[in-house]
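Engineer: next one to model:
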Amino acid sequence: MKEKTVFELIVEGKIPCNKVLENNDFLAFHDIAPKAPIHILIIPKKHFKDFQEFDPKLMEKMTSFIQELAVLLGVDKSGYRLVTNCGKNSGQEVFHLHFHMLGGFRLPKEKDENENPQALF
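Structural biologist: Numbers count the residues shown, from 1 in each chain. Reported below is the predicted structural model:
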């Protein structure tokens, strides 16, 4: 039996999180090491290793969930960045599909050549 990811344990209630929004399929909660004033993690409750494994039939539901979350957080008009890393070479650390929603200030358009590309994630 494979070891459960931290996100699976959060979904099961075995590890606490600071929930922002939840429904039957998805959970959104504050990142424990935020890189922006608003840094929320959005996960499907069902385990998918990464975006390549994600069920396309759930994407429409996830889109609605993310839009609702943006309104709730007040970034639907000011803007936000939505990011997912897919696979080890992308920098994915927790192998349970998750999106980062970053907002609350003007995010940089381009990375500085001296900046660590993973600094925002």
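
Engineer: which secondary structure elements does whichever helix in the chain runs longest contact?
Structural biologist: Determined from DSSP state H, the single longest helix within the chain is helix 56-73. Applying 3 or more C-beta pairs under 8 Å, 6 or more residues apart in numbering; DSSP states H and E, one finds that helix 56-73 makes contact with strand 19-22, strand 26-30, strand 38-44, strand 80-83, strand 99-103. For glycine as for every other residue, the C-beta is placed from the backbone atoms N, C-alpha and C.

Engineer: in it, which residues are buried?
Structural biologist: 58, 62, 65, 66, 69, 70, 73 (16 or more other C-beta atoms under 10 Å).

Engineer: over to stretch 47-54?
Structural biologist: Neighbour counts over stretch 47-54 (16+ other C-beta under 10 Å) mark 47, 48, 50, 51, 54 as buried.

Engineer: what residue is smack in the middle of this structure?
Structural biologist: With the centre of the chain defined as its mean C-alpha position, the nearest residue by C-alpha atoms, centre = their mean is residue 99, 2.5 Å away.

Engineer: make TSV out of the helices and strands packed on helix 56-73 and add distance to residue 91 and mean pLDDT.
Structural biologist: Converted to TSV, the helices and strands packed on helix 56-73 look like this (distance: least, C-beta to C-beta, whole Å; pLDDT from 0 to 100):
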stretch	distance to residue 91	mean pLDDT
strand 19-22	23	98
strand 26-30	20	98
strand 38-44	15	98
strand 80-83	10	96
strand 99-103	11	96
